[in-house]
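Undergrad: dropping the sequence and predicted coords here.
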Amino acid sequence: MDAQEKYEYWLDIAQYDLDILFEDLRSFYLNGRYADFKQKLSVSTDEATAKDYLNQTKEVFAWLLTQKP
């Protein structure tokens with residue numbers, strides 16, 4: 001595997017990880033908008049998971065800020 005292939009490989013993994021993160025965050029957004037889902041959401045998410053989502057979101061947001069012109 002040459003350098004370009006390695007780069008593309010890791011880029012694919014990073015994109016996959018971001019896709020999973022955004023899919024999970026989207027479910028929180030939708031659940032937060034609809035009152036009947038709020039209770040289910042609060043039961044299904046523990047503090048450690050919530051902190052993990054928050055940290056990942058902060059990392060992505062910091063990276064996005066470096067990409068703006």
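TA: Thanks, I have the structure now.

Undergrad: going by C-alpha atoms from here, please, whenever you check contacts or count neighbours.
TA: Will do.

Undergrad: and A3, how far from Y16?
TA: A3 is 20 Å from Y16, where distance means C-alpha to C-alpha, to the nearest Å.

Undergrad: of those two, which one has the most company?
TA: Counted by other C-alpha atoms under 10 Å, A3 and Y16 do not tie: Y16 has more neighbours, with 12 against 8.

Undergrad: work out for me the element that one sits within.
TA: Secondary structure assignment for Y16, by DSSP states H and E: helix 3-33.

Undergrad: tell me which other helices or strands that helix touches.
TA: helix 35-44, helix 47-67 (3 or more C-alpha pairs under 8 Å, 6 or more residues apart in numbering; DSSP states H and E).

Undergrad: ok and it relative to helix 47-67, angle-wise?
TA: For helix 3-33 against helix 47-67, the angle by axes from the mean of the first three to the mean of the last three C-alpha atoms, to 10 degrees is 120 degrees.

Undergrad: any chance of the helices and strands packed on helix 3-33 in JSON lines, plus mean pLDDT, mean neighbour count and distance to D12?
TA: Below are those laid out as JSON lines (pLDDT from 0 to 100; neighbours: other C-alpha atoms under 10 Å; distance: least, C-alpha to C-alpha, whole Å):
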{"stretch": "helix 35-44", "mean pLDDT": "66", "mean neighbour count": "12", "distance to D12": "29"}
{"stretch": "helix 47-67", "mean pLDDT": "85", "mean neighbour count": "11", "distance to D12": "16"}
